[in-house]
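> From the sequence below, what's the structure:
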Amino acid sequence: MLAAIRYAHAKGVTIGAQVSWSDDPALDIITVAQEAGVAWILLGYHRTASGNDTTGGVVREVFVNAKGLHFNVGVFIQGTERPIDRVFAAIDSSPDGRASLALGVRIAQGNKCKFRALLLAKRMPNVEDALLDMVRDARADMGEGFHADVLTERSLRQLLNQAPGRLLIVGRKFADEGGLSLDEVPGSHRCVIVVQGSDTHPSEPAPLG
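The predicted structure follows:
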């Protein structure tokens, strides 16, 4: 915890730390989030001794219990100390896609770097109207720093090929569909965030990264 506070301070971010004992950490996290009226829960991964399934245990329970509630959930399944020069996000018009786009744009703006959206269209190569509306709004918000491509093949392999940057944001459903390894993501210096979006459009902005 102290290391996290120091790291945030070095990045110019102020965070409040709270430590408590819990018999049911996932339930307590959800309860605190509801009481505080937050828009996001961001969780760090916990790598087990056997080295697999970084979204098991508490993280998985938070994903399940947050379904239908008013906040998004993001879990860092891999990190990097290297500077972020570009942010990539796989997006569609689902709640996961909306949340991935919002978080990606927010992080890119906070780090003053470029953002590239990789569109997961339901009808390839056509892109659905709702997704185009999301892209148009994000481009209007970011300006020249925003770029978009259509993912040419709906697979994890192609996603990693088209997202060579150090930060990749992926919706939970697509991560499951593509078989994203939750133990080790290809590319040792890549930070990956798996996002589960709320169905209710949280009113608060995503936190800065």
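
> other SSEs contacting the top helix by length along the chain?
Secondary structure of the chain per DSSP state H: the longest helix is helix 95-111. Contact here means 3 or more CB pairs under 8 Å, 6 or more residues apart in numbering; DSSP states H and E; on that basis helix 95-111 packs against strand 72-78, strand 86-91, strand 114-119, helix 129-142, strand 167-171, helix 172-178, strand 191-196. For glycine as for every other residue, the C-beta is placed from the backbone atoms N, C-alpha and C.

> so that helix versus strand 114-119, what angle?
Angle of helix 95-111 versus strand 114-119, following axes from the mean of the first three to the mean of the last three CA atoms, to 10 degrees, is 170 degrees.

> quick one: contacts of helix 95-111?
Helix 95-111 has contacts (CB atoms under 8 Å, 6 or more residues apart in numbering) with 40, 72, 74, 84, 86-91, 114-115, 117, 120, 131, 134, 138, 141-142, 145-146, 167, 169-174, 193, 195-199, 201, 205-209.

> Would you mind writing the ChimeraX command to select the buried ones in the residues you listed?
Of the contacts of helix 95-111, the buried ones go into a single ChimeraX selection, burial set by 16 or more other CB atoms under 10 Å:
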select :40,72,74,84,86,87,88,89,90,91,114,115,117,120,131,134,138,142,145,146,167,169,170,171,172,173,174,193,195,196,197,198,206,207,209
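
> do you know which of the helices and strands packed on helix 95-111 lies nearest Glu35?
strand 72-78 (16.3 Å; CB to CB).

> Distance from the chain centre to that closest one, please.
What separates the centre of strand 72-78 from the centre of its chain is 5 Å, taken as CA atoms, centre = their mean, to the nearest Å.

> So for it, mean pLDDT?
The pLDDT scores in strand 72-78 average 87.

> Can you get me a residue count around Leu2?
7 (other CB atoms under 10 Å).

> just Asp28 next, same as before
Counted with other CB under 10 Å, the neighbours of Asp28 add up to 14.
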